[in-house]
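In: Sharing a model prediction with you, sequence too.
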Protein chains: 2
Amino acid sequence: MSVPTDGDQPDPMADPDYREAVVDLLGAMAYGELTAFSRLAADAELAPTLPDKAALGRQAAHEFHHYELLEARLKELDADPARAMQPFVAAIDEFHDRTRPSSWLEGLVKAYVGDGIATDFYREVSAYLDPGTRELVLEVVQDMGGAEFAVRTVRDAIDRDGSVGGRLALWGRRLVGEALSQAQRVAAERDALGGLLVGGGYHSGGADLAEIGRMFARLTGEHTRRMGRLGLSA
Amino acid sequence: MSVPTDGDQPDPMADPDYREAVVDLLGAMAYGELTAFSRLAADAELAPTLPDKAALGRQAAHEFHHYELLEARLKELDADPARAMQPFVAAIDEFHDRTRPSSWLEGLVKAYVGDGIATDFYREVSAYLDPGTRELVLEVVQDMGGAEFAVRTVRDAIDRDGSVGGRLALWGRRLVGEALSQAQRVAAERDALGGLLVGGGYHSGGADLAEIGRMFARLTGEHTRRMGRLGLSA
């Protein structure tokens, strides 16, 4: 299905399938940010020093601001934010329940690795979006300095005690496994969202299977690079 | 450029005892806000609906913003924020550990009642502060709409099930008891902060014991009124 082009910018939301896919995407991102916010703020309790606690709190407060941007856009689209988020609650909650950090460092690795994968994925998806939605998505996934902080703290900890690295590398693999299994579940259940990637995007082309394969290769490559920055093998 | 004259405002921080008392006060408030932020954000996980979760998250994000204001002022005063907060960590953590909400409603009552008592107390203290510090304290204790939300939600719950009221009233009494016992501990340990109230304030008059008694009567009265607004007996 292609969007009418008669000189003027057409309203991308005139196509109901596309609009549904965007509402799904923003709903998933909104619940992801809201949950990341409260989990991260709770993990701040594990921080060993007050400046660390404040740094993690600052990152959490940014996530909440991102949630507010997504909520506002959903309202602009006449979508009910709670209803848009609902389909993603089970998968996102289950991801967090299965990856509850048992230490401050596990929490940091989770924030860095989890945020990183989500960010890369949303950046990939943004290629299939109309310009207005793309701009919002890119703003929301912007790193607010949390990555820098996580890398520095985790590397320092490994420098002090080498055995920490092996355990955190295992933890990183578990995070990716759980994230992928929940992502598959969402993709299977939400046709509109899946359609964004395969044939239903704004330019109506979407990606073919070979392109999806390349996308996964890019996501995996970025993850390996990120683990390397932490001083961990992926 | 002006040359100081008798008519100019003297720098209130020129008095080292007064400066120490202000750093203590801002440190206690900063750690209180930072902790309220992460506890409240964690309690948001207990919210029964997504709009409730977002509402509590919004309140938590405001607490973090208040923390940032206090941190910035401490830096302006050449005080290290972490060092200023440290003396209050044990008392504030113990208060929260002893009053961990076991339900969404307990969390809301705690946020409303706890925040209310702290706000009233800091407003009373602000009478003994220099104008610049007073303005900051009053800004930080400003209610951001969380009270309205808590009152509505708790009253609705009591309307639906009357037995809820009795249990929450007991919970409210426990909150006040724990808050008072930690406040006494802080007052006993921190001479500078106590001195703000008794004779060491900006106008150096401070309060006499009769005035302190009246202040406690006002705080208790406000607490009773607040419990009444929730539909609970104090």
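Out: Sure, I can see it. Model, not experiment: these values are computed from the prediction.

In: how about the residues of chain A near chain B?
Out: A:31, A:34, A:37-42, A:44-45, A:49-51, A:53-54, A:57-58, A:60-61, A:64-65, A:67-68, A:71, A:81-82, A:85-86, A:89 (CB under 8 Å from any CB of the partner chain). Placement of C-beta: from N, CA and C, glycine included.

In: Quick check: ChimeraX command selecting the buried ones in the residues you listed.
Out: One line in ChimeraX is enough to select the buried ones among the residues of chain A next to chain B; burial here means 16 or more other CB atoms under 10 Å in any protein chain shown:
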select /A:31,34,37,38,39,40,41,42,44,45,50,53,54,57,58,60,61,64,67,68,71,81,82,85,89
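
In: Of the residues of chain A next to chain B, which belong to helices?
Out: In helices, judged by DSSP state H, the following of the residues of chain A next to chain B are found: A:31, A:34, A:37-42, A:50-51, A:53-54, A:57-58, A:60-61, A:64-65, A:67-68, A:71, A:81-82, A:85-86, A:89.

In: what kind of secondary structure is the residue minimising distance to the centre of chain A in?
Out: The centroid of chain A falls nearest to A:Ala118 when counting by CA atoms, centre = their mean (2.5 Å). With DSSP: H, G, I helix; E, B strand; the rest coil as the basis, A:Ala118 sits in helix.

In: you'd agree it is up against A:Val140?
Out: No. The pair A:Ala118 / A:Val140 is not scored as a contact, 10.0 Å apart, by CB atoms under 8 Å.

In: counting contacts, what elements does the host helix or strand of A:Val113 pack onto?
Out: Secondary structure from DSSP states H and E places A:Val113 in helix A:104-126. Under the contact definition 3 or more CB pairs under 8 Å, 6 or more residues apart in numbering or on different chains; DSSP states H and E, helix A:104-126 sits against helix A:16-43, helix A:50-76, helix A:131-140, helix A:146-160, helix A:163-189, helix A:209-230.

In: residues touching whatever residue of chain A ends up closest to chain B, list them.
Out: Using CB to the nearest CB, the closest approach of chain A to chain B is made by A:Ala41 at 3.2 Å. Listed by CB atoms under 8 Å, 6 or more residues apart in numbering or on different chains, the contact set of A:Ala41 reads A:56-57, A:60, B:37-38, B:41-42, B:60.

In: Quick one: those residues as a markdown table, columns for pLDDT too.
Out: Formatted as a markdown table, the contacts of A:Ala41 follow (pLDDT from 0 to 100):
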| residue | pLDDT |
| --- | --- |
| A:Leu56 | 89 |
| A:Gly57 | 91 |
| A:Ala60 | 90 |
| B:Phe37 | 92 |
| B:Ser38 | 90 |
| B:Ala41 | 89 |
| B:Ala42 | 87 |
| B:Ala60 | 90 |
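
In: Could you single out the nearest of those residues to A:Asp93?
Out: Proximity of those to A:Asp93 was ranked by CB to CB; the top entry is B:Ala42 with 14.3 Å.

In: Next, find the distance separating the closest one from B:Thr153.
Out: 18 Å (CB to CB, to the nearest Å).

In: again, but for A:Ala187
Out: Taken as CB to CB, the span from A:Ala187 to B:Thr153 is 36 Å.
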